[in-house]
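Undergrad: let's see this in three dimensions:
(chains A, B and C)
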Amino acid sequence: MPPQTRRSSFPKVVIERDTESEESSSEDEAVEEEEEQEEANVVVPEETIEAEASELKKKGKTPITITLKKVCKVCKKTGHEAGFRGATYIDCPMKPCFLCKMPGHTTMTCPHRVATEYGIVPAPRKNTTTSLEFVFQRQLQPRLPPIKPAYVIPDQVHCAVIRYHSRRVACLEFHPTNNNILLSGDKKGQLGIWDFGKVHEKTIYGNIHNCILNNMKFNPTNGGSIYAASSDGTISCTDLETGISLSLMNLNPNGWEGPSRWRMLYGLDVNSDKSVVLVADNFGYLYMADMRSNNIISKPTLIHKKGTKVVGLNCNPLQPDLLLSCGNDHFARIWDMRRLEAGSSLYNLEHKRVVSSAYFSPQSGSKILTTSLDNRIRVWDSIFGNLDYPSREIVHSHDFNRYLTAFRAEWDPKDSSESLVVIGRYISENYDGAALHPIDFINISTGQLVAEVMDPNITTISPVNKLHPREDILASGSSRSLFIWRPKKLSNIAQPREEKRILLCGEASKKHTKKHDHNSDDDSDNDIFRGKDKGPKQKKLPLKSSSYSSRKSR
DNA sequence: AAAGAATGAGACC
DNA sequence: TGGTCTCCCTTCTT
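TA: Okay, the predicted model is just below:
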């Protein structure tokens, strides 16, 4: 994508400013520039030192001569500098490229920075056609549309809840039937239920889990309840109306027995055909619970390297016997549910680092999409083809350091061609002086970056993203906040002004959550990104994106 | 405003 | 296998 397009105009967002921060933006800029220069000056001019030295001599003191050279903040070596300069990050040339992990160039000059395309490896097709493949092709073929429709990208913030959760968002899920309900789980184990159609209707259930809610999935037979897996070692089944929760499994019945004994649940999926909830823990084991009796069925099965975290489970949408798992042993593995035992996986898909997510394609179930910490999204075009190598590897920045929820490339469930994918970006880009982390839409058939979506008011990284199963809506979780994005054109024409709302919740969110009656005829647009509780973040927001404070150099 | 903390993978021994 | 160090393009609180 050419750099000009990055400077596209941002949607106009009204932000209420406090009187003390009412200074002119030009002044802000001046101050900022000065600060930036200071930051960039790691070198103390030698004249200064000399002047000080001569002064000391006059006073009769022995001068200490210190020669300061340019020191890199990253590798501590001299001769070059690295780190943030304003909103632009300068890579340390001594290290391999931060983006594609290859030596010889920096992120700035990385060829993948412009075209997110990497080593297109065509999947060698199997010559023999199995009977399973034949049936599958027959079922699938009529459903493929002859002409692929253009992608509709939700690229404008429609509404948001700022600081809704008390810790970072870990997972998101749309309601299977109610189009306006978004569920969110956070690091503290809280479950959020937000009706973004009414915006102010939001609930937080805080007593279901007591640490990170890693994954959740609706009960396919009952849209009113949701299963969740948590690092507290339990599976919960929660009734959304009442908030009453039932614990299906507790892997730590004796409580805390040290970190090496504490079991945490990460991956979760529901197999409706078999009426089973599947979960996986941080020691490599898979567990199953019957959805009708809520009883644990079968013994735990070792499905990944012993002692490693299994972060993702996914059941094939068409083949109830196929299961996909991924984890910290650098593998995604395909299993036959009828033959689940340690080492009996059908295929092992190798990765260079941790696999944060692995999903079958949502409609045909014949493609596989994985996200790995080696900054690559991998695609297998057909589970019936050769699975030895991925069909494509797409370089994309999602290798995070710490403190963030793992990035997961998510399918667009509406895309019948099964090629549109959304994923948040870790690395920042300088957009009119602001360091922003876009949310990327990628065509996984070509590796092309279809769209990069961002808002000048969202300065935090958005690792959690989910596309709506029926509407052109993107939900994203960024730190403790949730955002609903809609296509720009649609939101300009079809939506009445008062519907655009951004709420600030803060710590006091629990007080006025459910059935918070808000008069929608009031100061409409003023609510956007403002926050009545005057959160510190909102205070700092300047009006113009050009004067937007760049990220601090560290 | 600067410092601290929370916290996870990987390398190395 | 387990302890320890390093990474140091986060985010929030004090």
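
Undergrad: specify the beta-bridge partners of A:A332.
TA: Beta bridges link A:A332 to A:C326, A:L349, judged by DSSP bridges.

Undergrad: count of neighbours near it?
TA: As a burial measure, A:A332 scores 31 neighbours (other C-beta atoms under 10 Å). (C-beta placed from N, C-alpha, C; glycine too.)

Undergrad: surely it meets A:L349?
TA: Yes - assessed by C-beta atoms under 8 Å, A:A332 is found in contact with A:L349 at 4.2 Å.

Undergrad: who touches both of these two?
TA: Counting by C-beta atoms under 8 Å, 6 or more residues apart in numbering, the shared contacts of A:A332 and A:L349 are A:V355, A:A358, A:I368, A:T370.

Undergrad: just the ones of the residues you listed in strands?
TA: A:V355, A:A358, A:I368, A:T370 (DSSP state E).

Undergrad: now flag whichever of those residues is closest to A:I296.
TA: A:A358 (24.3 Å; C-beta to C-beta).

Undergrad: beta partners of the closest one?
TA: The partner residues for A:A358, given DSSP bridges, come to A:T370.

Undergrad: OK, contacts around it?
TA: Per C-beta under 8 Å, 6+ apart, neighbours of A:A358: A:G312, A:N314, A:L324, A:S325, A:C326, A:A332, A:L349, A:I368, A:L369, A:T370, A:T371.

Undergrad: residues in contact with the first one?
TA: Read it as A:G312. For A:G312, the contact set (C-beta under 8 Å, 6+ apart) comprises A:215, A:266-267, A:324-327, A:332, A:355-359, A:408.

Undergrad: so what are the sheet partners of the strand or helix carrying A:F483 and their directions?
TA: A:F483 belongs to strand A:481-486 when assigned by DSSP states H and E. Taking DSSP bridges as the criterion, strand A:481-486 forms sheet pairs with strand A:156-162 (antiparallel), strand A:474-478 (antiparallel).

Undergrad: mind listing what's buried along that strand?
TA: Going by neighbour count (16 or more other C-beta atoms under 10 Å), the buried part of strand A:481-486 is A:S481, A:L482, A:F483, A:I484, A:W485, A:R486.

Undergrad: just the closest of those residues to DNA strand C, please.
TA: Using C-beta to the nearest atom of the strand, A:S481 comes nearest to DNA strand C of those, at 6.8 Å.

Undergrad: low-confidence regions, chain A specifically.
TA: Low-confidence segments of chain A, defined by pLDDT under 70, are located at A:1-70, A:114-149, A:490-500, A:505-554.

Undergrad: which other residues reach the longest strand along it?
TA: Secondary structure of chain A per DSSP E: the longest strand is strand A:222-230. Applying C-beta under 8 Å, 6+ apart, the contact partners of strand A:222-230 are A:173, A:175-178, A:183, A:185, A:189, A:191, A:208-219, A:235-241, A:248, A:264-268, A:270, A:277, A:279.

Undergrad: give the next helix or strand downstream of it.
TA: strand A:234-239.

Undergrad: for that following strand, packing partners?
TA: Counting contacts by 3 or more C-beta pairs under 8 Å, 6 or more residues apart in numbering; DSSP states H and E, strand A:234-239 is packed against strand A:222-230, strand A:245-250, strand A:265-271.

Undergrad: list the buried residues of stretch A:403-416.
TA: Under the neighbour-count criterion of 16+ other C-beta under 10 Å, stretch A:403-416 has A:L404, A:T405, A:A406, A:F407, A:R408, A:A409, A:E410, A:W411, A:D412, A:P413, A:K414, A:D415 buried.

Undergrad: how far does it stretch from start to finish?
TA: Stretch A:403-416 has its terminal residues 35 Å apart, counting by C-alpha to C-alpha, to the nearest Å.

Undergrad: touching DNA strand B at all, it?
TA: Yes - contact of stretch A:403-416 with DNA strand B (C-beta under 7 Å from any atom of the strand) involves A:Y403.

Undergrad: right, is that stretch up against DNA strand C?
TA: Yes - contact of stretch A:403-416 with DNA strand C (C-beta under 7 Å from any atom of the strand) involves A:Y403, A:L404.

Undergrad: what of stretch A:275-291?
TA: No - looking at stretch A:275-291 against DNA strand C by C-beta under 7 Å from any atom of the strand, there are no contacts, and the closest approach is 10.4 Å.

Undergrad: related to what we said a few turns ago, nearest to A:E201, of the shared contacts of A:A332 and A:L349?
TA: A:A358 (34.3 Å).

Undergrad: measure the closest one to A:A435 for me?
TA: Per C-beta to C-beta, to the nearest Å, A:A358 is found 31 Å from A:A435.

Undergrad: need the residues of chain A near DNA strand B, please.
TA: So chain A meets DNA strand B at A:K187, A:I212, A:K309, A:N328, A:H330, A:R353, A:V354, A:L373, A:N401, A:R402, A:Y403 (C-beta under 7 Å from any atom of the strand).

Undergrad: buried subset of those residues?
TA: Buried residues within those, counting neighbours by 16+ other C-beta under 10 Å: A:K187, A:I212, A:K309, A:N328, A:H330, A:V354, A:L373.

Undergrad: re earlier: which pair of the shared contacts of A:A332 and A:L349 spans the longest distance?
TA: A:V355 and A:I368 (10.9 Å).

Undergrad: who has more neighbours out of the two?
TA: Counted by other C-beta under 10 Å, A:V355 and A:I368 do not tie: A:V355 has more neighbours, with 29 against 26.

Undergrad: list the residues that contact the more buried one.
TA: Counting by C-beta under 8 Å, 6+ apart, A:V355 has contacts A:311-312, A:326-328, A:330-332, A:349, A:370-373.

Undergrad: residue contacts, the nearest residue to it once chain neighbours are set aside?
TA: Spatially, and ignoring its direct neighbours in sequence, A:V355 is nearest to A:C326 (3.9 Å; C-beta to C-beta, 6 or more residues apart in numbering). Contact partners of A:C326, counting by C-beta under 8 Å, 6+ apart, are A:G267, A:V310, A:V311, A:G312, A:A332, A:R333, A:V355, A:S356, A:S357, A:A358, A:T370.

Undergrad: DNA strand C contacts on chain A?
TA: Going by C-beta under 7 Å from any atom of the strand, the residues of chain A near DNA strand C are A:73-74, A:83-84, A:89, A:91, A:95, A:98-99, A:107, A:163, A:168, A:260, A:306-307, A:401-404, A:426-428, A:435, A:437, A:459-461, A:478-481, A:507, A:536-537, A:551, A:554.

Undergrad: can you tell me which of these are classed as buried?
TA: Buried by 16+ other C-beta under 10 Å: A:74, A:83-84, A:89, A:91, A:98-99, A:107, A:163, A:168, A:404, A:426-428, A:435, A:437, A:459, A:461, A:478-481, A:537, A:551, out of the residues of chain A next to DNA strand C.

Undergrad: run through the bridge partners of the closest residue to A:V464 other than its chain neighbours.
TA: Of all residues not flanking A:V464 in the chain, A:G477 sits nearest, at 3.6 Å (C-beta to C-beta, 6+ apart). Taking DSSP bridges as the rule, A:G477 bridges to A:V464, A:L482.

Undergrad: surely A:G477 and A:T405 touch.
TA: Yes - A:G477 lies in contact with A:T405 (C-beta under 8 Å); the separation is 7.4 Å.

Undergrad: mutual contacts of these two, please.
TA: Common neighbours of A:G477 and A:T405 (C-beta under 8 Å, 6+ apart) are A:R168, A:V169, A:A170, A:C171, A:P463, A:V464.

Undergrad: mind listing the helices for chain A?
TA: Under the criterion DSSP state H, helices of chain A are mapped to A:3-6, A:25-40, A:46-58, A:111-114, A:131-140, A:488-493, A:536-540.

Undergrad: which residue does the stretch 151-300 of chain A bring closest to DNA strand C?
TA: In the stretch 151-300 of chain A, the residue found nearest to DNA strand C is A:S260; the distance is 5.7 Å by C-beta to the nearest atom of the strand.

Undergrad: list the contacts for that residue?
TA: With C-beta under 8 Å, 6+ apart as the criterion, no residue contacts A:S260.
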